[in-house]
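Chemist: pasting the sequence and the predicted model now:
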Amino acid sequence: MTEFQPSDWLDRFRMSQETFLYLCEKLRPRLARQDTSFRLALPVEKRVAVALWRLASNVEYRTISSLFGVGKSTVCRCVRDMCHAIVSLLSATYLRSPSEQELDESARLFRSHWGFPHCVAAMTTLHTAIITPSDNASDYVNPAGWLSVLSQVAVSGQGLFWDVCASFPGGTDPADILQNSSLWASAAEGGLSPVPPPVFLGEPRRYVLLGAACYPLRTWLMTAYPEEKGRRPGDAALTEQQRLFNRRLSGALRAPDETLLRLRARWQCLSKRNDCGLDVVPTMILACCILHNMCESHGDAFKEAWQAEVAEAESPQPKNKELLSSSLDQRGAEEVRLLFSDYFEQRNT
């Protein structure tokens, strides 16, 4: 590592040397160990290097063991300890509720980059492939037929994770995850919008989030009008105005998809089958999301070659089933969606 060039740091650890050393200092309170009369403790820098190598490459523990001259069990401990330390010590800085300034900046970016106004975040899911668990394996079968842990993420216009729920079997309904999450409670109470709300279409209105068809429509969560296959018998065909809304929404939902691709490209333990135990995988996913936010916030370079490599090698993310009905009252939400539909139609003429 003393001979590494800047490109070497990026290739091996997916971050600059400066960010690596910053990370070591932040994690030192949890990762530092005392020397004993029997052996010298591994330096924090080596513990972090071992764990990052694993997260970045997903190579086998025995390969990293030989590379760093430590035991296989030591590699396992380094990965586990660092992931827990990241979640414990860095969540408050890099995975937290946004400030009013961050909300406004995210709304500006969704409007300028993705063509969707008055929106601060978009929601999607991430399936991480796992080995067969010892219990309840059928619960982990996702819609594509392979075993996974399912994560729910909310992504800002800056391409940062604002909220991550990462501990659900792959067969879980995303709508159930959302309705039992702190994000649901916060957004429903106006927690993702400044007070007073910003003006949109001449009136103060709360910011909205965007979500795929697997989520319920709410006043604060815009989803697409159901396409023909998801419509009930007797429903009228979609109008051109509704189709235009769906196209604009679909375009804006590329934002979280591109962020997840960058996440999996940087931390390839999430793009290949993860052979860690289910007690570690959710913490590892959270840690990778925090590391993504840290690297992006620090302006660390991202190599397009990583993205191309992942896009060619990994299995496509499963398509979650469309939510065909909801027991929730959606009348107010339909009115909000109609406002956005009118907005797009006016600007399309």
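Modeler: That came through, no problem.
Chemist: can you give me the strands in the stretch 201-349 of the chain?
Modeler: For the stretch 201-349 of the chain, the strands defined by DSSP state E, counting those that start in this stretch occupy 203-204, 208-210, 221-222.
Chemist: grab the nearest non-local neighbour of A185.
Modeler: Excluding its sequence neighbours, the residue lying closest to A185 (Cβ to Cβ, 6 or more residues apart in numbering) is G191, at 7.9 Å. Bear in mind the C-beta positions are built from the backbone N, C-alpha and C, glycine included.
Chemist: doesn't that neighbour lie inside a helix?
Modeler: No - read with DSSP: H, G, I helix; E, B strand; the rest coil, G191 is coil and lies in no helix.
Chemist: next, A166: secondary structure please.
Modeler: Following three-state DSSP, we place A166 in the strand state.
Chemist: residues contacting it?
Modeler: A166 makes contact with V149, S151, Q152, P282, I285, L286, C289, according to Cβ atoms under 8 Å, 6 or more residues apart in numbering.
Chemist: looking at those residues, state which has the most neighbours.
Modeler: Neighbour counts for those peak at C289, which has 30 neighbours (criterion: other Cβ atoms under 10 Å).
Chemist: make sure that residue is actually in contact with C165.
Modeler: No - using Cβ atoms under 8 Å, C289 makes no contact with C165, being 10.7 Å away.
Chemist: between those two, what contacts are shared?
Modeler: Contact criterion Cβ under 8 Å, 6+ apart; residues bridging C289 and C165 by contacting each: V153.
Chemist: which of the contacts of A166 lies closest to A213?
Modeler: Using Cβ to Cβ, Q152 is the member of the contacts of A166 that lies nearest A213, at 14.8 Å.
Chemist: tell me how far the closest one lies from F168.
Modeler: Look at Q152 and F168: by Cβ to Cβ, to the nearest Å, they are 8 Å apart.
Chemist: need the residues touching each of the two.
Modeler: The contact lists of Q152 and F168 share I177, where a contact means Cβ under 8 Å, 6+ apart.
Chemist: what's opposite M222 in the beta bridge?
Modeler: L210 (DSSP bridges).
Chemist: tell me the mean pLDDT for the longest helix along the chain?
Modeler: Secondary structure of the chain per DSSP state H: the longest helix is helix 72-94. Here helix 72-94 scores 96 as its mean pLDDT.
Chemist: now stretch 7-14
Modeler: Here stretch 7-14 scores 92 as its mean pLDDT.
Chemist: got the contact list for it?
Modeler: Stretch 7-14 is contacted by residues 4, 15-17, 20, 49, 52-53, 55-56, 266-267, 291, 295, 300-301, 303, 306 when judged by Cβ under 8 Å, 6+ apart.
Chemist: just those residues: which are in helices?
Modeler: Of the contacts of stretch 7-14, the ones assigned to helices by DSSP H are Q17, F20, A49, L52, W53, L55, A56, R266, L291, C295, W306.
Chemist: so what's the residue count around the third one?
Modeler: I take that to be A49. Around A49 sit 22 other residues, with neighbours defined as other Cβ under 10 Å.
Chemist: I'd assumed M1 was in contact with it.
Modeler: Yes - if you go by Cβ under 8 Å, A49 and M1 touch, sitting 6.7 Å apart.
Chemist: for the strands of the stretch 201-349 of the chain, which one sits closest to C119?
Modeler: Short answer: strand 208-210, nearest of the strands of the stretch 201-349 of the chain by Cβ to Cβ, at 5.4 Å.
Chemist: what lies in contact with that closest one?
Modeler: So strand 208-210 is contacted by 116, 118-123, 154, 187, 192, 219-223, 249, 252-253, 336 (Cβ under 8 Å, 6+ apart).
Chemist: show me where the stretch 151-300 of the chain has its helices.
Modeler: For the stretch 151-300 of the chain, the helices defined by DSSP state H, counting those that start in this stretch cover 174-179, 182-188, 240-252, 254-266, 281-297.
Chemist: what's the most buried one of those?
Modeler: A comparison of the helices of the stretch 151-300 of the chain by mean neighbour count, using mean count of other Cβ atoms under 10 Å, puts helix 281-297 on top with a mean of 23.
Chemist: with just CA atoms, put that helix into CSV.
Modeler: Extracted C-alpha coordinates of helix 281-297, given in CSV (Å, rounded to 0.1, in the frame of the first residue of the first chain):
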residue,chain,number,x,y,z
VAL,A,281,-25.7,-9.5,5.0
PRO,A,282,-28.1,-6.8,6.1
THR,A,283,-25.4,-4.9,8.0
MET,A,284,-23.1,-5.3,5.0
ILE,A,285,-25.7,-3.8,2.7
LEU,A,286,-26.2,-0.8,5.1
ALA,A,287,-22.4,-0.4,5.3
CYS,A,288,-22.0,-0.3,1.6
CYS,A,289,-24.8,2.3,1.2
ILE,A,290,-23.0,4.5,3.8
LEU,A,291,-19.7,4.0,2.1
HIS,A,292,-21.3,5.0,-1.2
ASN,A,293,-22.6,8.2,0.3
MET,A,294,-19.2,8.9,1.9
CYS,A,295,-17.3,8.4,-1.4
GLU,A,296,-19.8,10.4,-3.4
SER,A,297,-19.8,13.2,-0.8
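Chemist: so for it, mean pLDDT?
Modeler: 97.
Chemist: please name the residues that touch the most centrally placed residue in the chain.
Modeler: Nearest to the geometric centre of the chain sits V153, at 4.2 Å (Cα atoms, centre = their mean). Each residue near V153 by Cβ under 8 Å, 6+ apart is listed here: M123, T124, T125, L126, F161, D163, V164, C165, P256, L260, C289.
Chemist: thank you, goodbye.
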